[in-house]
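J.: Compute the structure for the input listed below.
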Amino acid sequence: MDWHEHIALRAALEWQVELGVVDAVGETPVDRYAEPPVKPASANKAAGPAVVPPAAAPVAEVDAVAEAVAAAAAAQDLPDLQARLAAFDHCELKRGARNLVFSDGVAGARVMIIGEAPGRDEDREGRPFVGRAGQLLDRMLAAIDLSRDSSVYITNVLPWRPPQNRDPTAEEIAMMRPFVARHVALAKPDLVLLMGNISCDAGLMKRGITRLRGQWTESYGVPALPMFHPAYLLRNPRAKRDAWADLLSLKHHLEAGS
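T.: Next up, the predicted model:
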């Protein structure tokens, strides 16, 4: 290359730089959208065997009902059952509740009442049936000479308040059923009152309280009487006549067994 050709090429390059050219390209067009060429198998073998990352270990699913069965069965007495229930972490209701609502009344009483779930007042105080429904329950019991202070033991299917007092789900009931069954076994009542649909669901595996109420059956291994929940009676005063008939049936049953 002579001196004049060198000067011409340099001037052309400087002119392209002034125009904004930043990349040098070859004489052959390049399709920059095309996929890169696949390496031949021989090239892959030369590079050595491919390293395959280890598969992630599968996460074992927790069987909450089985855990509840084991925890409940291990309880030796009522305080132990309460402690094991408080330590049970598979029910999401626990995260939003203020208190564990375990029981009230006299452990070992002949009559054990199983309600549905705590409401706002019960969640605040940590005792079942202390709101308006609880006050009505106390009057109902007094009408047949019973009292939570001397002759009745009270609990709920769920120990934690559901958000906005919604009905518990089937999964929540299934998790709590083993604890309720163990609760009855340790309290040793002569009979249980299943108050409301949720209580019948847990104790009888069926709902339909208007059809079930007033008919003696068996639940948790002892005689059981389904009854309207006091909260239902507050909303439906006409049902109080049926509730009174159920209370008289309960009184007769107690007297016949005494």
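
J.: Check the gap between the closest residue in space to residue 77 that isn't next to it in sequence and residue 65 for me.
T.: Excluding its sequence neighbours, the residue lying closest to residue 77 (Cβ to Cβ, 6 or more residues apart in numbering) is residue 186, at 6.2 Å. C-beta coordinates here come from the backbone N, C-alpha and C atoms, glycine included. With distances taken as Cβ to Cβ, to the nearest Å, residue 186 is found 20 Å from residue 65.

J.: ok, how many other residues are close to residue 214?
T.: Burial of residue 214 is recorded as 16 neighbouring residues (other Cβ atoms under 10 Å).

J.: got it, and the one 10 residues further on?
T.: Other residues within reach of residue 224 by the criterion other Cβ under 10 Å amount to 25.

J.: Ramachandran angles for it?
T.: Note on residue 224: backbone dihedrals following degrees, to the nearest 10 are phi -140, psi 140.

J.: and the closest residue to it other than its chain neighbours, what are its bridge partners?
T.: Sequence neighbours aside, residue 192 is the residue nearest to residue 224 in space, at 4.8 Å (criterion: Cβ to Cβ, 6+ apart). Residue 192 forms beta bridges with residue 112, residue 224, as assigned by DSSP bridges.

J.: Run through who's touching whichever strand or helix holds residue 183.
T.: In the assignment (DSSP states H and E), residue 183 maps to helix 170-187. Identification of contacts with helix 170-187 by Cβ atoms under 8 Å, 6 or more residues apart in numbering yields 64-65, 68-69, 71-73, 75, 77-78, 81, 84-85, 88, 90-91, 93, 103, 107-109, 112, 114, 153, 155, 157-159, 162, 168, 192, 198, 201-203, 220-222.

J.: Now, of those, which are buried?
T.: 64, 68-69, 71-72, 75, 78, 81, 84-85, 88, 91, 93, 103, 107, 109, 112, 114, 153, 155, 157-159, 162, 168, 192, 198, 201-203, 220 (16 or more other Cβ atoms under 10 Å).

J.: Please report the distance of residue 84 from residue 93.
T.: Distance from residue 84 to residue 93, by Cβ to Cβ: 16 Å.

J.: Kindly apply the preceding question to residue 126 instead.
T.: From residue 126 to residue 93 the distance is 15 Å (Cβ to Cβ).

J.: following the least confident helix or strand in the chain by mean pLDDT, which helix or strand comes up?
T.: Taking mean pLDDT, DSSP states H and E as the measure, the chain has helix 41-47 as its least confident helix or strand, at a mean of 53. Moving toward the C-terminus from helix 41-47, the next helix or strand (DSSP H and E) is helix 64-74.

J.: so how far is that next one from its chain's centroid?
T.: Counting by Cα atoms, centre = their mean, to the nearest Å, helix 64-74 is centred 14 Å from the centre of its parent chain.

J.: Dump it to PDB, restricted to CA.
T.: Output of helix 64-74 as PDB, limited to C-alpha atoms (Å, rounded to 0.1, in the frame of the first residue of the first chain):
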ATOM      1  CA  ALA A  64     -52.800 -32.000  59.800                       C
ATOM      2  CA  VAL A  65     -55.500 -34.500  60.800                       C
ATOM      3  CA  ALA A  66     -53.000 -37.200  61.500                       C
ATOM      4  CA  GLU A  67     -51.000 -34.800  63.600                       C
ATOM      5  CA  ALA A  68     -54.100 -33.800  65.500                       C
ATOM      6  CA  VAL A  69     -55.000 -37.400  66.200                       C
ATOM      7  CA  ALA A  70     -51.500 -38.100  67.600                       C
ATOM      8  CA  ALA A  71     -51.400 -34.900  69.700                       C
ATOM      9  CA  ALA A  72     -54.900 -35.500  71.100                       C
ATOM     10  CA  ALA A  73     -54.200 -39.200  71.900                       C
ATOM     11  CA  ALA A  74     -51.100 -38.300  73.800                       C
END
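
J.: how about the nearest residue to residue 81, chain neighbours excluded?
T.: Closest to residue 81 by Cβ to Cβ, 6+ apart is residue 75, at 3.7 Å.

J.: got it, and residue 131?
T.: residue 121 (3.6 Å).
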